[in-house]
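# here is a sequence with its predicted model. Questions after.
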Amino acid sequence: PYSIQVNSVTATPDGFVIAGSMLVPGLSNGSITTETIIIATDKRGNRVGEIVRIKGNSGKIIKSIIQNGSVTGYVVAGDSIVIDLNAEQSANVSVTSMKALLLDANFNVIKTRTLRGDTSKTYIEDYSAESIEIVDNGYIILGTYKEGIQLQQAAPSKQLLIKLDANFEPVWYKEYELLNRTSQNSKSIHYRNGRIIWASSL
């Protein structure tokens, strides 16, 4: 009854941690939502402990937070997707919100940060996360923004960056115009000497 997809892996001193997503039935009739799944393994890939399930998010990318050789937590970026097969507008059948999770070393959620479209609008915008980078004083999320229009699948995806501080509070937001082209970002973003580097297909 569940569809599981693996999206990312991060290394730890003891092995690896895998993040993925799982589609599950929603609360309302005909709706489907997503959950993040986290799987810890040893250095040979054998699972350690139970699969962790976190409601309301699809884990696209996971990074280990390592201090003094020990894992102190994890940061996860992904999407919160709601599929409503009974939506009146076709653009609202699938609505995507960007979501980031800050986890402790035992995969307990410490903080969350969500960027979602205005649900009071006739056509709801989509925000999606592709990657996250750990920087000295916080985190940078790479994602896309899709305008809410009637034929939403035809709307161009604009690139965007969001900076969160160490307490997971937003610092700044930057959106990039693409002159009606659409973008598909890579799953990697890097921070070097005050510069942010990523790749994207247009």
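Structure's in. What do you need? The structure displayed is predicted, hence computed values, not measured ones. Numbers count the residues shown, from 1 in each chain.
# now this protein, which segments are flagged as low pLDDT?
Across the chain, the ranges flagged by pLDDT under 70 are 1-2, 27-31, 153.
# and the residue nearest the centre of it?
G78 (1.1 Å; CA atoms, centre = their mean).
# just the buried positions in the longest strand belonging to the chain, please.
As assigned by DSSP state E, the longest strand anywhere in the chain is strand 70-84. For strand 70-84, a neighbour-count test (16 or more other CB atoms under 10 Å) marks 71, 73-84 as buried. For every residue, glycine as well, the C-beta is placed using N, CA and C.
# packing partners for the next helix or strand after it?
Sequence order places strand 94-104 as the next helix or strand after strand 70-84, per DSSP states H and E. Judged by 3 or more CB pairs under 8 Å, 6 or more residues apart in numbering; DSSP states H and E, the packing partners of strand 94-104 are strand 70-84, strand 109-115, strand 126-135, strand 138-146.
# columns distance to I162 on top of those, output as JSON lines?
JSON lines is the format used below for the helices and strands packed on strand 94-104 (distance: least, CB to CB, whole Å):
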{"stretch": "strand 70-84", "distance to I162": "10"}
{"stretch": "strand 109-115", "distance to I162": "7"}
{"stretch": "strand 126-135", "distance to I162": "9"}
{"stretch": "strand 138-146", "distance to I162": "5"}
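# kindly export stretch 44-51 (C-alpha atoms) in CSV.
Provided in CSV are the C-alpha atoms of stretch 44-51 (Å, rounded to 0.1, in the frame of the first residue of the first chain):
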residue,chain,number,x,y,z
ARG,A,44,28.7,-2.2,5.0
GLY,A,45,25.2,-1.0,4.4
ASN,A,46,23.4,-3.2,6.9
ARG,A,47,20.4,-1.5,8.5
VAL,A,48,20.8,-0.3,12.1
GLY,A,49,17.6,0.1,14.1
GLU,A,50,14.1,0.7,12.8
ILE,A,51,13.1,2.8,9.8
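# got the contact list for it?
For stretch 44-51, contacts defined as CB atoms under 8 Å, 6 or more residues apart in numbering pick out G15, F16, I37, I38, I39, A40, T41, D42.
# and Y176, how many residues sit next to it?
Per other CB atoms under 10 Å, the neighbour tally for Y176 reads 12.
# ok, the residue nearest to it when sequence neighbours are not counted - contacts?
Spatially, and ignoring its direct neighbours in sequence, Y176 is nearest to Q159 (4.4 Å; CB to CB, 6 or more residues apart in numbering). For Q159, the contact set (CB under 8 Å, 6+ apart) comprises L142, G143, T144, E175, Y176, L178, S183, N185, S200.
# swap in 7 Å and give it another go.
Q159 sits next to T144, Y176, S183, N185, S200 when contact means CB atoms under 7 Å, 6 or more residues apart in numbering.
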